[in-house]
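Colleague: my questions concern the predicted model and sequence given below.
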Amino acid sequence: MRSICVMNQKGGVGKTTTSVNLAAGLAKLGRRVCLIDLDPQGHAGLHMGVDAFGQTPTVYDVFSGRKTLNEVKQLAADNLWVVPSDLDLAATEVELVDTAGRELILRGAIDQLCQQHPLDYLVMDCPPSLGVLTINALTAAKEVFIPLQPHFLALQGLSKLFETTALVKRRLNRDLMVSGIVLCLYETSTRLAADITDDLMRFLEQSDPRAPWKNARIFESRIRRNIKLAEAPSFGQSIFDYAAKSSGALDYAALIAEVVAAEAPAVASPAASPVVPPADQVAA
């Protein structure tokens, strides 16, 4: 199973959009996927039409020890299960402050889930912070995807993300690595986007070979600004269900093809094409 943590402490960079559409696209290729919403805002679940209300169990119940992930997950689409979140999760930071091994709670829950419910992919949508929820995700994951808007200030914040992954790798999770950077809200017509991309490539090339981001790649697929990506959450659908012919769907399909290409040969297949709309039918 590939366990992927999608993280960035800066909000509004396409983190949840990337988490949801990555999970949905992989599920459409026949992969068994679980999406865990670790943001108290609960936007990843809402994006997939899974609304945590009333007595609906959420990931907060997992952290509090009342439920398992297998009991909390909901089937959102073929091959895709979602573990929803709600505002109660915000209390976790305070409630776990004196709990021994609080950074390992999610990893233990995921190990139990995989024994009961085998998966091909686990995607975790982290909150826009570097608190205990994000640390839990980093401790449980093997890969980190960083959605990044190609702006100067966003690039400056990347160093803090890298420092956090290095700390977690050293103390809690030796298998952790930053495997990919996803450029989101990309504006192909601006020189700034190209310049920031070049700066980022040079930084990665000059990185310490022992760093967890030493083999990180900048995905070739650029996620362009697209109004359909902004509209899809209000309909509780992924971009592939809401606007399969949009440029947003095309961009995420290309990203998913890159992710699938990194699978083991026995798992990878040419099945990436079903989520890619014909080029001559792509709309804005």
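Modeller: Ah, there it is. Residues are numbered from 1 along each chain as shown.

Colleague: could you pull out the strands for the stretch 101-250 of the chain?
Modeller: With DSSP state E, counting those that start in this stretch as the criterion, the stretch 101-250 of the chain has strands at 121-125, 143-148, 177-183, 217-218.

Colleague: got a list of contacts for the last one?
Modeller: Put plainly, it is strand 217-218. The set of residues external to strand 217-218 that reach it, using C-beta atoms under 8 Å, 6 or more residues apart in numbering, is Ser179, Gly180, Ile181, Leu183, Thr197, Leu200, Met201, Leu204. In this view, the C-beta of every residue, glycine as well, is placed from N, C-alpha and C.

Colleague: tell me the contacts of the first one?
Modeller: What that stands for is Ser179. Ile4, Glu143, Val144, Phe145, Asn215, Ala216, Arg217, Ala262.

Colleague: quick one on the thing from earlier: neighbour-wise, which one of the contacts of strand 217-218 leads?
Modeller: Leu183 (26 neighbours; other C-beta atoms under 10 Å).

Colleague: quick check: longest helix of the chain.
Modeller: Ranked by residue count, the top helix of the chain under DSSP state H comes out as helix 152-171.

Colleague: list the helices and strands that helix packs on?
Modeller: When contacts are defined as 3 or more C-beta pairs under 8 Å, 6 or more residues apart in numbering; DSSP states H and E, helix 152-171 packs onto helix 132-140, strand 143-148, strand 177-183, helix 191-205.

Colleague: now with 6 Å?
Modeller: Using 3 or more C-beta pairs under 6 Å, 6 or more residues apart in numbering; DSSP states H and E, no helix or strand is in contact with helix 152-171.

Colleague: helices of this protein, residue ranges please.
Modeller: Counting by DSSP H, the helices of the chain are 15-28, 43-47, 59-63, 69-72, 92-95, 105-116, 132-140, 152-171, 191-205, 227-231, 239-242, 247-261.

Colleague: no further queries at this time; thank you.
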